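> predicted model and sequence follow; I will ask about them next.
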Amino acid sequence: MFCLEKQNNHFMSTIQKVIIAVLAAGVGVVAWKSVQISKQRAVAQALEEQAAQQAGLSNQVQELRHERDRATNGLAALVAENAGLKKNPSDVLRLRGEVGRLRQENATIGSSSALSKVTANPESRKMLRDQQKMGMGRIYKELAQQLNLTPEQTEKFNDLLADHVMENVDQITTALRDKLTAEQVNALFDRQEAALQDKVQALLGPQSLAQYQEYTQNLLSSLTADQFKSMLSGDDAARAAKAKQMTQALQEAAQAALTSAGLPGDYQTVPILNFRNIASEQEGDQSLKLLDDIYQRVASGSSSFLSADEIAKFQEFRTTAINNNRAALAMNRTMMAPISK
């Protein structure tokens, strides 16, 4: 863990920007040229900054490793000294106490993630949570409007979503630390999702829960179509019609791909919004293959409403989406993994 306030402040800045880009507005990593979409502009900017700051993040992780190594070396030296002073009871007791302290310190550092130092500070954790709330509020703004939520209900709903993100960040570190199997990871995040849905139902009622589930299930299709809309040809009406057809094609492709992969119909197909993909590299690879399959199905079956040029652009969109999601998953896994990993 970091001892210097300057280091902590620099790392806090890095974490804030990465978290808001990847978790709070995670769908932005799917976008190709999303800077052209006004409501995705902040996400695109954060992702650009994220690439520049990756070297700084690596330095912070390396510093944590150095601190762990210093504790390990100090422990080894004290153990050796203890062995040489067994004839002096008072020195032995003193050294045993020091050995115990260093062992605990070493274990704490080794089991902590680069992110945990920040989230351990109540003020810093609140700042991160507020950013998650803002980002998730953007993602679910349209749903809140569809449900005619009052400002108070919207506030509480966004609170639920933000708390869900923060709880899952903690669960990811635990899963990586304990080296959970893919089956254990799935069970863990299934419980997390079930708990969130219970809270949504308690807040908004069963009918709104059903709409929430449908909206969440279709996030990839609606957001991809919206993000790709500016790349479509024609006037506003023509682009809107094509985007609507693309949304439908994406939904159908997603369900077909999920069935082919033996995954449930409510599986979250936006890789970075599916927390199990950060907790398990195996799950992450599966999700990326699924996303690639969905996009390929759309590209192969969209000639009835997309031109050859538009299909070529969508294939480029597909490649960029896979690469961006892979990079985002890897960076978040690095941030949340224990230092000793």
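Yep, that arrived.
> which stretches in this structure count as helices?
For the chain, helices defined by DSSP state H occupy the ranges 5-19, 41-84, 89-111, 116-119, 122-139, 141-146, 151-177, 182-204, 206-217, 219-228, 236-261, 276-279, 281-300, 308-336.
> which of those helices has the lowest average pLDDT?
Confidence, taken as mean pLDDT, is least for helix 5-19 of these (a mean of 40).
> what's the burial count for residue 187?
With neighbours defined by other Cβ atoms under 10 Å, the count for residue 187 comes to 13. For the C-beta atoms, the positions are set from N, CA and C on the backbone; glycine is no exception.
> and the gap between it and residue 279?
11 Å (Cβ to Cβ, to the nearest Å).
> cool, and residue 194?
17 Å.
> quick one: contacts for residue 222?
residue 247 (Cβ atoms under 8 Å, 6 or more residues apart in numbering).
> state the distance from it to residue 165.
On the measure of Cβ to Cβ, residue 222 and residue 165 end up 20 Å apart.
> from residue 237, how far off is the closest residue to residue 216 other than its chain neighbours?
Spatial nearest neighbour of residue 216, excluding adjacent residues (Cβ to Cβ, 6 or more residues apart in numbering): residue 268 at 7.0 Å. Distance, residue 268 to residue 237, by Cβ to Cβ: 32 Å.
> for residue 178, same thing?
54 Å.
> who has more neighbours out of these two?
Neighbour count, other Cβ under 10 Å: between residue 178 and residue 237, residue 178 has more, with 12 against 8.
> the spatially closest residue to residue 337 that is not a sequence neighbour: neighbour count?
Of all residues not flanking residue 337 in the chain, residue 176 sits nearest, at 4.5 Å (Cβ to Cβ, 6+ apart). Around residue 176 there are 21 other residues, counting by other Cβ under 10 Å.
> what do you get for residue 244?
Based on other Cβ under 10 Å, the number of other residues close to residue 244 is 13.
> which residues does the nearest residue to it once chain neighbours are set aside contact?
Leaving out its chain neighbours, the residue that sits closest to residue 244 by Cβ to Cβ, 6+ apart is residue 225, at 7.5 Å. The contact partners of residue 225, taken as Cβ under 8 Å, 6+ apart, are 243, 244, 246, 247, 250.
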